[in-house]
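*Asks:* Generate coordinates for the sequence data below:
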Amino acid sequence: MYLRVVILIVLSYIRYSNQNIDNCERMESTDVIIVGAGLTGMTLARNLAQKGIKFIILEARDRVGGRIHSIKKEDGAVVEMGATWFFPHFNNLFKLLKQIKVDLEGQFMKGYTMYESDKKIPARKVYSSGDDDMFRVKGGTSQIIEKLYENIERDQVLLKQKVTEIRKSSEGMEVISNGQIFKSRRVVTTVPQQLL
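*Replies:* As a prediction, this is how the structure comes out:
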């Protein structure tokens, strides 16, 4: 894989709920269900698509990208609402960016900056000498997600799909989302562990 991100393979994680699944609509089966359309989910989808493996992505939000979210202002400025900086030791990410042809630009920060790490703690003034090796994605971090999305059929990404249950069945795996049962041989969750 291109990312050194822990991917939880949900073959051993089975959560039972009190949901009445008899009323759920049964969907067509696929090879892999990916839960989450953030950087890891979209990268996995790209890799599966390149190998000809059938998959669908179930994303709870109304957009792809997860914690990567860039907003373009009316004046053309890009404001990052999530992931912003990249550092030289992100080797696998740099390889991916090169493959999908996403350009980086240096991030120069010399002088004082207001830094807030927690809303409960007041922001503090931080000095940077300007010699940090930081980079930003040219045009906004969402460029990564957009380039990955170009390689995926739109009907393979289902938005507004809040997964409520994942379970093993006699035929493989079942994922319940919005009153539908999705079936697959494998399920991969790419959402942060605290959200499971």
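*Asks:* which one is the most centrally placed residue in the chain nearest to, not counting chain neighbours?
*Replies:* By C-alpha atoms, centre = their mean, the chain has its centre lying nearest to G38, at 1.0 Å. Of all residues not flanking G38 in the chain, G66 sits nearest, at 2.2 Å (C-beta to C-beta, 6 or more residues apart in numbering). (Each C-beta comes from the backbone N, C-alpha and C, glycine too.)
*Asks:* how about the one you found, what does it touch?
*Replies:* When contacts are counted by C-beta atoms under 8 Å, 6 or more residues apart in numbering, G66 is found next to 36-41, 82, 190-191.
*Asks:* Quick one: the helices in this structure, in order.
*Replies:* Per DSSP state H, the chain carries helices over the ranges 39-50, 91-99, 142-149.
*Asks:* okay if I get these as TSV plus distance to V157?
*Replies:* Rendered in TSV, the data for these read as follows (distance: least, C-beta to C-beta, whole Å):
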stretch	distance to V157
helix 39-50	8
helix 91-99	19
helix 142-149	8
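*Asks:* of all those, which lies closest to K120?
*Replies:* Taking C-beta to C-beta as the criterion, helix 39-50 is the member of the helices of the chain that comes nearest to K120, at 27.8 Å.
*Asks:* ranges for the strands of the chain?
*Replies:* 8-9, 25-35, 55-58, 70-72, 78-80, 104-106, 110-115, 124-129, 135-137, 157-158, 163-169, 172-177, 180-189 (DSSP state E).
*Asks:* which other helices and strands contact the second one?
*Replies:* Under the contact criterion of 3 or more C-beta pairs under 8 Å, 6 or more residues apart in numbering; DSSP states H and E, the helices and strands touching strand 25-35 comprise helix 39-50, strand 55-58, strand 172-177, strand 180-189.
*Asks:* And for the third one?
*Replies:* Judged by 3+ C-beta pairs under 8 Å, 6+ apart, strand 55-58 is in contact with strand 25-35, helix 39-50, strand 157-158, strand 180-189.
*Asks:* Which strands border that strand, and is each parallel or antiparallel?
*Replies:* Sheet pairing for strand 55-58, assigned by DSSP bridges, gives strand 25-35 (parallel), strand 157-158 (parallel).
*Asks:* The nearest residue to V35 once chain neighbours are set aside pairs with what?
*Replies:* For V35, ignoring the flanking residues on the chain, the nearest one in space by C-beta to C-beta, 6+ apart is T189 at 4.4 Å. Applying DSSP bridges to T189 gives these bridge partners: L8, V35.
*Asks:* Just confirm T189 contacts G38, I think it does.
*Replies:* No - in this structure, T189 sits apart from G38 without contact. The criterion is C-beta atoms under 8 Å, and the distance is 11.0 Å.
*Asks:* What is the burial count for L48?
*Replies:* Here the number of neighbours of L48 (other C-beta atoms under 10 Å) works out to 19.
*Asks:* what about it, distance to Q156?
*Replies:* Distance, L48 to Q156, by C-beta to C-beta, to the nearest Å: 9 Å.
*Asks:* shared neighbours, those two?
*Replies:* For the pair L48 and Q156, residues contacting each of them under the criterion C-beta under 8 Å, 6+ apart are F55.
*Asks:* Many thanks, have a good one.
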